[in-house]
Every structure is written in C-alpha cells, then in structure tokens.
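S.K.: Predicted model and sequence below, questions to follow.
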Amino acid sequence: MNERSGIVTMRGNPVTLLGDEIKVGYQAPNFTVTGTDLKPVDFSSFKGKTCIISAVPSLDTPVCDMSTRRFNQEAATLGDNVEILTISMDLPFAQARWCGAAGVDRVITLSDHKNASFGTAYGVLIKEFRLLSRAVFVVDSQGIVRYCEIVKEIADSPNFDAALACVKECS
C-alpha cells in the first residue's frame, strides 16, 4: 500500500497517510462503509447525486463536531440532489448517539472502522493512529471528483466556502 508522508500533521507532528492520492478530475473510487443501522453502505449507491464527503478523525472531538454540524446546517440550502456523508472510524453506535445528541439529521454518518475501505481508497487513513485525516471531497453526479482538500493540520477546519461553492457549481 502506498504511504505518503509530509502531507498532514497532528498537533504539529507529521503523520503518514495510507493509500493513493485522489485528485480533481479522477473517477471517485468506490468504497464500502457501515451505516448506523450496522448495514454495509456502498458509495456506488449514491450514483446520480452530488456528494460532499467529509472525512473526520472522530465526531467526539471539537472540530469534527463543529464541521459536521456546519454541513448539517448547510444541507438545507443544497437541494435534494446533494448528499452529505461524514465518514470516521467511530463505531456506528457512537455515530448514532452523537447525531441524536447533536440534532444532526441531514448528514449521513458512516463508519470506516471495519475495513478502512474509504480511508485507503481516498488516501486519508493515518497509519500511526488508524484514524481518518480531516478531508473534504466533492463528487459530482457522474462520479467525478470535483473538489478535494486534505486539511494540512488535523486540528484545523476545512474550507467550507470552497467546498460549498463547488457543490453549487456541480448540482
């Protein structure tokens, strides 16, 4: 598996990302994650929709919490052809609990804990911690990556405005 260093830091310390780099213009790789109902979810099931994929280390941390709440709030303005997926290594039970407590009902939370299928396919699995790096991808309705941001310092927020502007252009 491809290892990439020097792209991301955690609290200022460099970490290693596993998987190949995804770039704008690429066909979005398929992956299988687990829904909060414990059933497998294939990314291919979202074909025909524009998707924001927000990768976060854990919903139980302040920046991940804020990011997911922000995307949940923005979802109301994006229309029915846009899905927002937040993917983490959190267990599906923890994701369901968090969504209930946070009132998040427009973002689909998905767990990559089982096989790290998403993390390795999109090159955002942190080798040292088996967590996902903070990243945002926008995939259009044809399955083409139109935006990608791997946040340099994991404790920082992504560029919401750039991702949302891309979604509005794609949909």
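M.R.: Right, received. Where do you want to start?

S.K.: Can you name the residues in contact with the helix of greatest length in the chain?
M.R.: Ordering each helix of the chain by length in residues (DSSP state H) puts helix 62-75 first. Helix 62-75 is contacted from outside by 52, 54, 56-59, 82, 84, 86, 88, 98, 102, 104-107, 109, 134, 155-158, 160, 164, using CB atoms under 8 Å, 6 or more residues apart in numbering. The C-beta positions use only the backbone N, C-alpha and C, and glycine is treated the same way.

S.K.: how close does Val8 get to Val124?
M.R.: Noted for Val8: a distance of 8 Å to Val124, by CB to CB, to the nearest Å.

S.K.: my bad, should have said Cys99
M.R.: With CB to CB as the criterion, Cys99 and Val124 are 21 Å apart.

S.K.: Please apply the same query to Cys64.
M.R.: From Cys64 to Val124 the distance is 13 Å (CB to CB).

S.K.: before we move on, what about Leu85?
M.R.: 13 Å.

S.K.: Which of these two has more residues huddled nearby?
M.R.: Val124 (31 against 21; other CB atoms under 10 Å).
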